[in-house]
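**Student:** Here is my input, please return the structure:
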Amino acid sequence: MGIQLNHIIVPAHDKHVSAKFLADVLGVEVAGEAGPFVQVAVDNGVTLDFMDANGFAEHHCAFLVGEEEFDAAYQRIKDQGIPYWADPFHQQPGKTNTMNGGKGLYFSDPAGHNMEILTVP
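**Tutor:** Residues are numbered from 1 along each chain as shown. Coordinates of the predicted model:
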């Protein structure tokens, strides 16, 4: 089988709000609940398992997406008025980047995690 990432636990102030927010931006459904977690599944079988928590540090999650998925997510971000940046340090607001010849942007989720979508790793 080899080694595969199966899931990552993402702390949130409200697991339902954070999971729905990310699912909406990515254009996927909330995958459901498993124990104390609300899950968002991505196409390679990995789930982000949101868990209610307090006093956590910011996490970074990067999602490699196709051009069409990027354009659709970017449009949803703009339509919902979600602030976004071209850089991970949030110093270039309202811009996307073209790193490595692709497209990318960063946005914060409701818990303050730094999320990224990019078309070229």
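**Student:** just the helices in the protein please.
**Tutor:** 15-26, 67-79 (DSSP state H).
**Student:** Ok, which of the ones you listed comes nearest S108?
**Tutor:** Across those, S108 has its closest neighbour in helix 15-26 (9.9 Å, Cβ to Cβ). For the C-beta atoms, the positions are set from N, CA and C on the backbone; glycine is no exception.
**Student:** and among the helices of the chain, the most buried is which?
**Tutor:** Mean neighbour count (mean count of other Cβ atoms under 10 Å) peaks for helix 15-26 among the helices of the chain, with a mean of 20.
**Student:** Remind me what it packs against, helices and strands.
**Tutor:** Counting contacts by 3 or more Cβ pairs under 8 Å, 6 or more residues apart in numbering; DSSP states H and E, helix 15-26 packs against strand 7-12, strand 30-34, strand 37-41, strand 47-52, helix 67-79, strand 114-118.
**Student:** Any idea which of these gets closest to W85?
**Tutor:** Closest of those to W85 is strand 114-118, at 9.2 Å (criterion: Cβ to Cβ).
**Student:** circling back: export the helices and strands packed on helix 15-26 to CSV and tack on distance to F21 and mean pLDDT?
**Tutor:** Listed next are these as CSV, based on distance: least, Cβ to Cβ, whole Å; pLDDT from 0 to 100:
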stretch, distance to F21, mean pLDDT
strand 7-12, 9, 98
strand 30-34, 10, 97
strand 37-41, 9, 98
strand 47-52, 10, 98
helix 67-79, 11, 98
strand 114-118, 9, 98
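**Student:** want to try TSV for these, with distance to C61 as columns?
**Tutor:** Formatted as TSV, those follow (distance: least, Cβ to Cβ, whole Å):
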stretch	distance to C61
strand 7-12	7
strand 30-34	15
strand 37-41	10
strand 47-52	7
helix 67-79	13
strand 114-118	5
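**Student:** Quick one: closest of these to H90.
**Tutor:** Nearest of the helices and strands packed on helix 15-26 to H90, taken as Cβ to Cβ: strand 114-118 at 7.9 Å.
**Student:** Convert the C-alpha atoms of the closest one to PDB, please.
**Tutor:** Extracted C-alpha coordinates of strand 114-118, given in PDB (Å, rounded to 0.1, in the frame of the first residue of the first chain):
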ATOM      1  CA  ASN A 114      -4.400  30.000   6.200                       C
ATOM      2  CA  MET A 115      -5.900  28.100   3.300                       C
ATOM      3  CA  GLU A 116      -4.400  28.000  -0.200                       C
ATOM      4  CA  ILE A 117      -5.600  26.900  -3.600                       C
ATOM      5  CA  LEU A 118      -3.000  26.400  -6.300                       C
END
